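Student: prediction below, plus the sequence it came from.
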Amino acid sequence: MSVTALIVAAGSGQRMGGDVPKQYRRIAGKPILRWAAEALLSHPAVRRLRVIVGDGQDELAGAALSGLNVGDLITGGQERSDSVRAGLRTVDDEAVLIHDAARPFCPPAVIDRLLPALEFYEGAAPVMPVGDTLARSGDLLGEPLDRTGIVRVQTPQLFRLESLRRAYDLWEGPSPTDETTVLRAAGMSVASVPGDPALEKLTTAADFERAQAWLAGTLV
Ligand code: CTP
Ligand code: MG
């Protein structure tokens, strides 16, 4: 099965803050977006990689990705799902792998686990268990929630191209935070495979610092 990978990198990184959107911050001298792009490009199943960037950020993205085989940059939209839809219009492979630029480290084994699932399912995603107690938030802690059978869903996520396109055509809700949500709403089946701690999304400045420290630890 031929796979195009899309990296969505058109966000503004409000929760992370800083001078540049978080995907252009550097870890060990390399922009986060470049870490993500190199990880996907190095997987033998990925035939082609396209990157979706914010309006007016071609220069930043071009510098971050220089020398990598990513073709023309695609301009994203207001919401993450708008950026994904913009990317989808450029895909003609049977399957599409969608990944957040904010997840710089993608172990190849995760992609290896996603690929066989497409034989039986319309999509597949890596998941992680929930470690903490869950409760409704508030100044006074709200009702506790049963975390049995609850998982956190990561990217990269793999889909049959036609299924994902059809699911997005049917989607009527507010902007979804990922594509498994869109497929499930359309009644399609999404397999879950074990995720990886290396894939945690960098959302806040503390996440960024943790990733830096983690990488420094792996390099010594
Ligand atoms: N993204 C995108 N287009 C958007 C919004 C988000 O391509 N309009 C991308 C981000 O660049 C990121 C991924 O979607 O790689 C996950 O989104 P998130 O972690 O929310 O990043 P931001 O939207 O940039 O951050 P924030 O929500 O804190 O502003
Ligand atoms: Mg966001």
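Tutor: Here it is on my side, so go on. Ligands and ions are numbered 1, 2, ... in the order given.
Student: could you find the closest non-adjacent residue to Ala124?
Tutor: Nearest residue to Ala124, sequence neighbours excluded (Cβ to Cβ, 6 or more residues apart in numbering): Ala117, at 3.6 Å. C-beta: built from backbone N, CA, C; applies to glycine.
Student: what of Ser2?
Tutor: Excluding its sequence neighbours, the residue lying closest to Ser2 (Cβ to Cβ, 6+ apart) is Asp93, at 4.2 Å.
Student: what sits against the one you found?
Tutor: Asp93 sits next to 2-4, 47-48, 161 when contact means Cβ atoms under 8 Å, 6 or more residues apart in numbering.
Student: check the gap between it and ligand 1 for me.
Tutor: The gap separating Asp93 from ligand 1 is 20 Å, by Cβ to the nearest ligand atom, to the nearest Å.
Student: pLDDT weak spots in the protein?
Tutor: Within the chain, the ranges that satisfy pLDDT under 70 run 219-220.
Student: try 80
Tutor: 218-220 (pLDDT under 80).
Student: output the residue of it whose distance to ligand 1 is smallest.
Tutor: Residue nearest to ligand 1 within the chain: Gly11 (2.0 Å; Cβ to the nearest ligand atom).
Student: quick one: secondary structure of that residue?
Tutor: coil (DSSP: H, G, I helix; E, B strand; the rest coil).
Student: ok, it touching Pro21?
Tutor: Yes. Assessed by Cβ atoms under 8 Å, Gly11 is found in contact with Pro21 at 6.3 Å.
Student: next, show the common contact partners of those two.
Tutor: Joint contacts of Gly11 and Pro21 (Cβ under 8 Å, 6+ apart) are Gly54.
Student: which parts of this protein sit against ligand 1?
Tutor: 8-15, 21, 23, 52, 76-80, 82-83, 100-102, 201, 203 (Cβ under 6 Å from any ligand atom).
Student: quick check: the gap between the residue of the chain most remote from its centre and Asp146.
Tutor: The outermost residue of the chain relative to its centre, with distances by Cα atoms, centre = their mean, is Leu140 at 33.5 Å. Leu140 sits 20 Å away from Asp146, going by Cβ to Cβ, to the nearest Å.
Student: then Glu200?
Tutor: 23 Å.
Student: show me how far the lengthiest helix in the chain is from its chain's centre.
Tutor: Criterion DSSP state H: the longest helix present in the chain is helix 205-219. Distance of helix 205-219 from its chain centroid, counting by Cα atoms, centre = their mean, to the nearest Å, is 19 Å.
Student: how about the CA coordinates for it, as CSV?
Tutor: Taking C-alpha atoms only, helix 205-219 is exported to CSV below (Å, rounded to 0.1, in the frame of the first residue of the first chain):
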residue,chain,number,x,y,z
ALA,A,205,6.8,25.3,27.7
ALA,A,206,7.1,22.6,30.4
ASP,A,207,6.6,19.9,27.8
PHE,A,208,9.3,21.5,25.6
GLU,A,209,11.8,21.5,28.5
ARG,A,210,10.9,17.9,29.4
ALA,A,211,11.6,16.9,25.7
GLN,A,212,14.9,18.7,25.7
ALA,A,213,16.0,17.0,28.9
TRP,A,214,14.8,13.6,27.7
LEU,A,215,16.7,13.9,24.5
ALA,A,216,19.9,15.2,26.3
GLY,A,217,19.6,12.1,28.5
THR,A,218,19.4,9.8,25.5
LEU,A,219,22.4,11.4,23.9
